[in-house]
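S.K.: Sharing a model prediction with you, sequence too.
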Amino acid sequence: MHTFNIPLLTFLALIIAFGVLYLQLPRSKRRVKIAFFFFLAISATPLIYILYDDFTHAYQDANIGLGLAYFYTWFMTGIVAIMAIIWFLLRKKKKHS
């Protein structure tokens, strides 16, 4: 297994979750879109930094920071995905009412 598979899948899941949420946003609110991309960058930054640090400084011990960065990114991905699903279902329910 290549070392980039897990980070790539993690970023892909994060972008898909944020993408589904982005499709649910109102199209006319510029501030909301700017805040959306800001939160996407904040969610991805810990993983980007720790992966850079892990590849530039190959330590032989356990890298707790790497695990915490993955945990934070997966947690944020799950929260955003749940929010997107709930928002989608509420909008769908509102359309049919």
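M.R.: It's in.
S.K.: three-state assignment of residue 60?
M.R.: coil (DSSP: H, G, I helix; E, B strand; the rest coil).
S.K.: in this structure, which spans are helices?
M.R.: 5-24, 30-56, 64-96 (DSSP state H).
S.K.: Tell me the buried residues in stretch 79-91?
M.R.: Using 16 or more other CB atoms under 10 Å as the test for burial, stretch 79-91 gives 80-81, 84. (C-beta placed from N, C-alpha, C; glycine too.)
S.K.: from those, which is closest to residue 93?
M.R.: residue 84 (14.9 Å; CB to CB).
S.K.: What distance do you get for the closest one to residue 16?
M.R.: 9 Å (CB to CB, to the nearest Å).
S.K.: swap in residue 82?
M.R.: 13 Å.
S.K.: what do you get for residue 44?
M.R.: 13 Å.
S.K.: Compare those two (neighbour count), which wins?
M.R.: Neighbours per residue (other CB atoms under 10 Å) separate residue 44 from residue 16, with residue 44 holding more: 18 against 14.
S.K.: Format the CA atom coordinates belonging to stretch 41-56 as CSV.
M.R.: Extracted in CSV, the C-alpha atoms of stretch 41-56 (Å, rounded to 0.1, in the frame of the first residue of the first chain):
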residue,chain,number,x,y,z
ALA,A,41,-9.0,25.4,5.0
ILE,A,42,-9.0,25.3,8.8
SER,A,43,-10.2,21.6,8.7
ALA,A,44,-7.4,20.6,6.3
THR,A,45,-4.5,22.6,7.7
PRO,A,46,-3.6,20.2,10.6
LEU,A,47,-3.4,17.2,8.3
ILE,A,48,-1.4,19.1,5.7
TYR,A,49,1.1,20.3,8.3
ILE,A,50,1.5,17.0,10.1
LEU,A,51,2.0,15.1,6.8
TYR,A,52,4.7,17.6,5.8
ASP,A,53,6.4,17.2,9.2
ASP,A,54,6.1,13.4,9.0
PHE,A,55,7.7,13.2,5.5
THR,A,56,10.5,15.7,6.3
